[in-house]
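Undergrad: got a predicted structure plus its sequence, pasted below:
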Amino acid sequence: MRIHFIAIGGSAMHNLALALHHKGFQITGSDDAIFEPSKSRLANHGLLPEEMGWFPSKITSDLGAIILGMHAKEDNPELLKAQSLGLKIYSYPEFLYEQSKDKTRVVIGGSHGKTTITSMILHVMNYHHQPVDFMVGAQLEGFDTMVHLTKENEFVVLEGDEYLTSPIDLRPKFHLYKPNIALLSGIAWDHINVFPTFEIYVEQFEIFIESMTEGGALIYNEEDEAIVKLVNKSTHTIKKFPYKTPKYSIENEKTILDTSLGKIPLAIFGHHNLQNLEGARWICLHMGIGEEDFYEAISSFKGASKRLEKMYETTKNVLFKDFAHSPSKVKATTQSVKEQYVQKQLIACLELHTYSSLNAVFLKEYENALDSADVAIVFYSPDAVAIKRLESISENQIKLAFKRDDLVVFTNPIDFKQYLFSLDFNNSALLMMSSGNYGNLDFEELKSKMKD
């Protein structure tokens, strides 16, 4: 079957294209811009479009299916041509379900921790040579793609994103997977542009629970009040398994997990990551991995890409890069680094980059999010605010929102870099949190500065 991707260059879309190419499908695609690493990865497999843009001539009646990416618009000329021909048009999650409807679907949902928990599960299964299909939101060590689909594997592990499905399907992605086994890590309001109130946001998780197959297993974080309310409210015929943060200690800046098998040193750290680990353990148990085998494997898990990723370390300082941008993630990550490196000065830098984080109404959700940092810095670009057509925000608004008088705020990347590089990194932990790039900050140059 020949499949055409409209907006093939996205992180998730190009990985699905590669996975289907490996499975034997004939793949074509279009996009108006493709960046690295998608560009090189598509080119290496002969899937990179010859030129950028939308070409209705590519849409022909012999196509078996169209997969529509979120980057495309409702009036995309290729989409309009496909609709006029009556072709089968799938969204990304619809096609994943189509490929896995005869498998045991394991879906990891929640406002935070989805990528890390999914990555932990895949690490454990890979460690023990247990092949599974999967879709995860980060590139993992030991895996060629973020999507893997086969005919023969029994399980498929899916990261369950609550964001919209496609330009013509405004349901959250995780409503389409119909899990046999599911996990919910917690609820913290996000995506204000789509879910304007906390109540509407919470409702999406309620629908997710009800979408599970009858008799399925729901693993949930009993330390999250909103999740517990939803689980207790549900009358759906599913089995419910609560989990909570396991006992651990920190010795010489290393985290030690306290288990029934004894103390196990970990390569990861942080209260939220230990909570994620416990959720992953419960999922693995339901997938046939015993406790001893789980702990043996998880001790070597180093984390998902861009999730509290250690970029540089010496005896005098350490640098972490993290994807954290929502208030709950920023707070949890900052607290974790301070707890792990209690003897070091914590310098925390946050870039406000997403639609929600740059929204004047949503800003108040960041109250106390950076309180664990010794030095707290916020960077944002007024251009990003303008591009997203949001109401302008001031430095004073940000300081008031974070409830921190000594918060340092920058809007110019040159000024931000000069201030950052002027700091004394001796005996410091530097935490860089963003889904953006701080106005093209050179991290190699930053590492060199930390060596001085």
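TA: Okay, I see it. Numbering: from 1, shown residues only.
Undergrad: show me the domain layout of this protein.
TA: If you go by automatic domain parsing, the domain ranges for the chain are 2-87, 95-298, 309-451.
Undergrad: reformat these as a markdown table; add mean neighbour count.
TA: Placement of C-beta: from N, CA and C, glycine included. Below are these laid out as a markdown table (neighbours: other CB atoms under 10 Å):
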| stretch | mean neighbour count |
| --- | --- |
| domain 2-87 | 17 |
| domain 95-298 | 19 |
| domain 309-451 | 18 |
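Undergrad: save the ones you listed as JSON lines, and put in mean pLDDT too.
TA: Output for these, formatted as JSON lines (pLDDT from 0 to 100):
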{"stretch": "domain 2-87", "mean pLDDT": "95"}
{"stretch": "domain 95-298", "mean pLDDT": "94"}
{"stretch": "domain 309-451", "mean pLDDT": "91"}
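Undergrad: strands along the stretch 151-300 of the chain, start to end?
TA: Here the stretch 151-300 of the chain has its strands, by DSSP state E, counting those that start in this stretch, at 155-159, 164-166, 169-172, 181-184, 217-221, 239-243, 248-251, 254-259, 262-265.
Undergrad: can you tell which of these is closest to Gly9?
TA: strand 164-166 (15.5 Å; CB to CB).
Undergrad: same for the closest one, what does it pack against?
TA: Packing partners of strand 164-166 (3 or more CB pairs under 8 Å, 6 or more residues apart in numbering; DSSP states H and E): helix 92-100, strand 169-172.
Undergrad: can you lay out the ones you listed as a markdown table showing distance to Phe55?
TA: Converted to a markdown table, these look like this (distance: least, CB to CB, whole Å):
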| stretch | distance to Phe55 |
| --- | --- |
| helix 92-100 | 21 |
| strand 169-172 | 23 |
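Undergrad: and those: which comes nearest Leu266?
TA: helix 92-100 (31.0 Å).
Undergrad: between the closest one and strand 155-159, how many degrees?
TA: Relative orientation of helix 92-100 and strand 155-159, computed by axes from the mean of the first three to the mean of the last three CA atoms, to 10 degrees: 170 degrees.
Undergrad: quick one: closest of the strands of the stretch 151-300 of the chain to Val361.
TA: Nearest of the strands of the stretch 151-300 of the chain (CB to CB): strand 164-166, 19.8 Å.
Undergrad: parallel or antiparallel, which strands does the closest one pair with?
TA: Here strand 164-166 is paired, per DSSP bridges, with strand 169-172 (antiparallel).
Undergrad: about what we covered before: Lys310 is nearest to which of the strands of the stretch 151-300 of the chain?
TA: With distances scored as CB to CB, the stretch of these nearest to Lys310 is strand 254-259 (12.7 Å).
Undergrad: export the longest strand anywhere in the chain to CSV, keeping only CA atoms.
TA: Determined from DSSP state E, the single longest strand within the chain is strand 345-352. Provided in CSV are the C-alpha atoms of strand 345-352 (Å, rounded to 0.1, in the frame of the first residue of the first chain):
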residue,chain,number,x,y,z
GLN,A,345,24.3,26.7,44.3
LEU,A,346,21.3,26.1,42.0
ILE,A,347,21.0,28.5,39.0
ALA,A,348,17.7,27.9,37.3
CYS,A,349,16.9,29.4,33.8
LEU,A,350,13.4,29.1,32.4
GLU,A,351,12.4,30.2,28.9
LEU,A,352,8.7,31.0,28.5
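Undergrad: residues in contact with that strand: which ones?
TA: For strand 345-352, contacts defined as CB atoms under 8 Å, 6 or more residues apart in numbering pick out 324-325, 330, 334, 337-338, 358, 369-370, 372-380, 398, 420, 423, 425, 427-438.
Undergrad: same thing with stretch 175-182?
TA: Residues from elsewhere that reach stretch 175-182, judged by CB under 8 Å, 6+ apart: 91, 93-94, 96-97, 100-101, 104-109, 158, 160, 165, 204, 207-209, 211-213, 216-219, 283, 286-287.
Undergrad: just the C-alphas of that stretch, formatted as CSV.
TA: Provided in CSV are the C-alpha atoms of stretch 175-182 (Å, rounded to 0.1, in the frame of the first residue of the first chain):
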residue,chain,number,x,y,z
HIS,A,175,-9.0,9.5,23.2
LEU,A,176,-8.5,7.4,20.1
TYR,A,177,-6.3,4.6,21.4
LYS,A,178,-8.8,2.6,23.5
PRO,A,179,-6.2,1.1,25.9
ASN,A,180,-6.3,-2.3,27.4
ILE,A,181,-3.8,-1.1,30.0
ALA,A,182,-3.4,2.6,30.9
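Undergrad: roughly how far out does it sit from the chain middle?
TA: Distance of stretch 175-182 from the chain centroid (CA atoms, centre = their mean, to the nearest Å) equals 18 Å.
Undergrad: again, but for stretch 49-58
TA: Using CA atoms, centre = their mean, the offset of stretch 49-58 from its chain centre is 30 Å.
Undergrad: what about that stretch, start to end distance?
TA: Across its full length, stretch 49-58 reaches 11 Å end to end, with CA to CA, to the nearest Å as the criterion.
Undergrad: circling back to that earlier point, relative to Glu291, which of the helices and strands packed on strand 164-166 is closest?
TA: Across these, closest to Glu291 is helix 92-100 (CB to CB), at 27.2 Å.
Undergrad: for that closest one, packing partners?
TA: helix 11-23, strand 65-68, strand 133-135, strand 155-159, strand 164-166.
Undergrad: ok, which stretches of the stretch 251-400 of the chain are helices?
TA: 271-286, 291-298, 327-340, 382-387, 395-402 (DSSP state H, counting those that start in this stretch).
Undergrad: picking that back up, would you convert the strands of the stretch 151-300 of the chain into a markdown table that also reports distance to Gly9?
TA: Listed next are the strands of the stretch 151-300 of the chain as a markdown table, based on distance: least, CB to CB, whole Å:
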| stretch | distance to Gly9 |
| --- | --- |
| strand 155-159 | 20 |
| strand 164-166 | 16 |
| strand 169-172 | 20 |
| strand 181-184 | 30 |
| strand 217-221 | 34 |
| strand 239-243 | 37 |
| strand 248-251 | 41 |
| strand 254-259 | 38 |
| strand 262-265 | 40 |
